[in-house]
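Novice: with the sequence up front, the predicted model follows.
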Amino acid sequence: MSSSVSQQLSSAPENPKKKQGSHGSFHRFYDINGWTFVGGAVALVALFMIYPILNSLWLSLHSGRGIVTEFVGFGNITRLFNDPVFIKALSNTFIFLIIQVPAMILLSLALSSCLNTPNLRFRGLFRLAIFLPCVTSLVAYSILFKSMFSYEGIINASLLWTGIISDPIPWLTDPFWAKVTIILAITWRWTGYNMIFYLSAMQNIDKSIYEAARLEGVGAIKQFFYITVPLLKPVILFTTVMSTIGTLQLFDEVMNITQGGPADSTMTLSMYIYNLSFKFVPNFGYAATVSYVIVFFAAILALLQFKMAKDK
Amino acid sequence: MNKHKFSRLALYVFLSISAFVSLFPFYWMLVSSTNSTADINSGKLSFGSSLMENLTKLNTQVDLGLVFYNTSKIAILSTVFTLIISSMAGYGFEVYKSRNRDKVYNALLLTMMIPFAALMIPLFTMMAKANLLDTHFAVMLPTIASVFIVFYFRQCTKVFPKELIDAARVDGVKEWRIFVFVYWPVMRSTYAAAFIIVFMTSWNAFLWPLIVLQSAELKTINLVLSSLSSAYFPDFGVIMVGTVVATIPTLAVFFAMQKQFVAGMTGSVK
């Protein structure tokens, strides 16, 4: 066959092939650029997050003091259940979670729906004031709370002055009140932060729904529970998961307000991990096991959020 | 009507109390920085005259200028690098979309759920092996690839007009130049919002710097404040001046860029 004929014959099927060729080279160019742009971040995340989390899992199977370690398999997990400080830290973390997160979410919801009422005066000022706490650093505000809640501090002084209490409250030195102080502190810092999420979500709610409810004679409280809360469900879920993960990792506040005391009554999991690794004679293996308890709960939460987002 | 007036009043009372509770610690911080420790401990609520004395005392206990320099250096450098690396990735994932890269992206998103407490021991040993302990570099390095910022940039790139990229390509502009000269100017407000988030996080960081930094001359303001306040009898007058110094930069950034601040916080959820 002469080449010209073959060329003529095959010209039709060759065309798309040629296109595919040029497409292929564009595709390669596209791909190379794609990996170049994402490469830096991907490499860094692999090095500083994925490798460490796997390494931590490996460490959790070891135990020992300092650099002398031995393989103990699941020995650390048995140790967890017999470790009173760990059990204390775990239960403290849960007490903080169960009381503080719902209280704060409700408070932020209430505040944001108040700020969302039509014809409110000084709206911007109120919003700014309530939001301002979340601009402070965790260390700075913890120290502020430590000084305000000291035995002869301003909180006790004002409570005594107004006659609400007759004896000063041992905010920082009593196991129960120390927990209360931590909860008050976290709530002060994060309520405004959550409020901003709700406010921006409320702007997307159709005002006529409230108008209709009002005409039907539905009161403000009922409107809140039957209209606002159900419509904000996705945002509430998001902020709840974020707050829960934050509380699971609670460290800066307890470190700077109570240092976990008195008698470990405000000890949290993160604080205990820190103590095990950097304060006592380091036992990295056991500390890694404790850290995987946090990973475990965070993973459950992530799964829960994923499932709920899918159901939506 | 009477009932309506009452509920209006209750609304204002509730909001005013909340605003008061939110603002009082700021007032307390400012007042206390001008009072002696004895006055603070007895709950003095008015401004005093010890500000200069507290400041001088603080400056003799720590080199305040150096502490401020350390904190700013770490915050600014890590913010700049985070913005470059993470915005590149957000751009790359969205503009050069592919199935494989989306798989990698989903894996990255999963890492957002990893609590830092589970990373700190391996990170510490890594830095020890690399001989980087007690350096600012080690403080910054693990924070540079922020998955949250990658995610934020990808979300914002979704509304970036892709025709601009195509037009530039037709003109023969190189890909990285498109990123720098077309994408950056258009996305200024996204960068501003991301800047605030990263800067605040870095300025306020505590646990990781606490683990990494040991030398006094390398410490950041949060570490200094924390160690001053953990004394048996903390000298609160001095410490309060320190908290004011620590809070001013973040407050300034907040007031200068309030709009972007809120946009940055909520933008990723929408």
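Specialist: Thanks, I have it. Numbering: from 1, shown residues only, chains lettered A, B, ... in the order given.
Novice: skipping adjacent residues, who's closest to the residue in the stretch 151-300 of chain A that chain B sits nearest to in space?
Specialist: Per C-beta to the nearest C-beta, residue A:157 is where the stretch 151-300 of chain A lies closest to chain B, at 3.5 Å. Heads up, the C-betas are built off the backbone N, CA and C, glycines and all. Spatial nearest neighbour of residue A:157, chain neighbours left out: residue B:43 (3.5 Å); criterion: C-beta to C-beta, 6 or more residues apart in numbering or on different chains.
Novice: and residue B:58, what helix or strand is that in?
Specialist: helix B:51-61 (DSSP states H and E).
Novice: how about that helix, does it reach chain A?
Specialist: No. Against chain A, helix B:51-61 shows no contacts by C-beta under 8 Å from any C-beta of the partner chain, the least distance being 13.2 Å.
Novice: and the contacts of that helix?
Specialist: Outside of helix B:51-61, the residues within contact range by C-beta atoms under 8 Å, 6 or more residues apart in numbering or on different chains are B:33, B:34, B:36, B:64, B:228, B:235, B:237, B:238, B:240, B:241, B:242.
Novice: now, which of those lie within helices?
Specialist: B:33, B:64, B:228, B:237, B:238, B:240, B:241, B:242 (DSSP state H).
Novice: dump the residues you listed into TSV; add neighbour count as well.
Specialist: Formatted as TSV, these follow (neighbours: other C-beta atoms under 10 Å in any protein chain shown):
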residue	neighbour count
B:33	25
B:64	18
B:228	19
B:237	26
B:238	24
B:240	30
B:241	25
B:242	26
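Novice: between those residues, which is nearest residue B:133?
Specialist: residue B:228 (23.1 Å; C-beta to C-beta).
Novice: could you report the distance from that closest one to residue B:237?
Specialist: 11 Å (C-beta to C-beta, to the nearest Å).
Novice: and if you look at residue A:138?
Specialist: Residue A:138 is 22 Å from residue B:237, by C-beta to C-beta.
Novice: equivalent analysis for residue A:264, please.
Specialist: For residue A:264 relative to residue B:237 (C-beta to C-beta), the value is 31 Å.
Novice: and what of residue A:27?
Specialist: From residue A:27 to residue B:237 the distance is 67 Å (C-beta to C-beta).
Novice: with residue B:168 instead?
Specialist: Applying C-beta to C-beta to residue B:168 and residue B:237 gives a distance of 59 Å.
Novice: pLDDT at residue A:268, what is it?
Specialist: For residue A:268, the pLDDT comes out at 93.
Novice: that one reaches residue A:93, doesn't it?
Specialist: Yes. If you go by C-beta atoms under 8 Å, residue A:268 and residue A:93 touch, sitting 5.2 Å apart.
Novice: how far out from the middle of the chain is stretch B:97-109?
Specialist: A distance of 27 Å separates the centroid of the chain from that of stretch B:97-109, by C-alpha atoms, centre = their mean, to the nearest Å.
Novice: re earlier: any shared contact partners between residue A:268 and residue A:93?
Specialist: residue A:250.
Novice: returning to that earlier point: list the buried ones in the helix holding residue B:58?
Specialist: For helix B:51-61, the neighbour count (16 or more other C-beta atoms under 10 Å in any protein chain shown) marks B:51, B:54, B:55, B:58 as buried.
Novice: and chain A, what are its domains?
Specialist: Domain segmentation of chain A under automatic domain parsing yields A:3-59, A:83-311.
Novice: tell me which helix or strand the most centrally placed residue in chain B sits in.
Specialist: For chain B, residue B:200 is the residue whose C-alpha lies nearest the centre (C-alpha atoms, centre = their mean; 1.4 Å). Assigned by DSSP H and E, residue B:200 belongs to helix B:188-204.
Novice: C-terminal to that helix, what's the next element?
Specialist: By DSSP H and E, the next helix or strand past helix B:188-204 is helix B:207-212.
Novice: contacts for that next one next, please.
Specialist: A:251-252, A:270, A:274, A:278, B:74, B:116, B:120, B:123-124, B:127, B:133-135, B:138-139, B:142-143, B:219-220, B:222-223, B:226.
Novice: and what of stretch B:155-168?
Specialist: Against stretch B:155-168 from outside (C-beta under 8 Å, 6+ apart): B:90-91, B:94-95, B:177-178, B:182-183, B:186-187, B:190, B:267-268.
Novice: alpha carbons only: can I get that stretch in CSV?
Specialist: Taking Å, rounded to 0.1, in the frame of the first residue of the first chain, the C-alpha atoms of stretch B:155-168 are listed here in CSV:
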residue,chain,number,x,y,z
GLN,B,155,-13.6,27.1,49.0
CYS,B,156,-12.8,30.7,48.0
THR,B,157,-11.2,29.7,44.7
LYS,B,158,-14.5,28.1,43.7
VAL,B,159,-15.9,31.6,42.9
PHE,B,160,-12.7,32.8,41.3
PRO,B,161,-13.4,33.6,37.6
LYS,B,162,-11.6,30.9,35.7
GLU,B,163,-11.8,32.8,32.5
LEU,B,164,-9.0,35.0,33.8
ILE,B,165,-6.7,32.0,33.9
ASP,B,166,-7.7,30.9,30.4
ALA,B,167,-7.2,34.3,29.0
ALA,B,168,-3.7,34.5,30.6
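Novice: okay, buried residues for that stretch please.
Specialist: Of the residues in stretch B:155-168, those buried (16+ other C-beta under 10 Å) are B:155, B:156, B:157, B:160, B:165, B:168.
Novice: just the ones of the residues you listed in strands?
Specialist: In strands, judged by DSSP state E, none of those are found.
Novice: low pLDDT regions in the stretch 101-250 of chain B?
Specialist: Residue ranges of the stretch 101-250 of chain B with pLDDT under 70: none are present.
Novice: which ones are touching residue 195?
Specialist: As the question left the chain open, I've gone with chain A. Counting by C-beta under 8 Å, 6+ apart, residue A:195 has contacts A:108, A:111, A:112, A:115, A:127, A:130, A:131.
Novice: my bad, the chain I had in mind was chain B
Specialist: B:79, B:83.
Novice: residue B:22: what's it in contact with?
Specialist: A:129, A:130, A:131, A:132, A:133, A:188, A:192.
Novice: for it, phi and psi?
Specialist: For residue B:22, the backbone dihedrals are phi -70, psi -40 (criterion: degrees, to the nearest 10).
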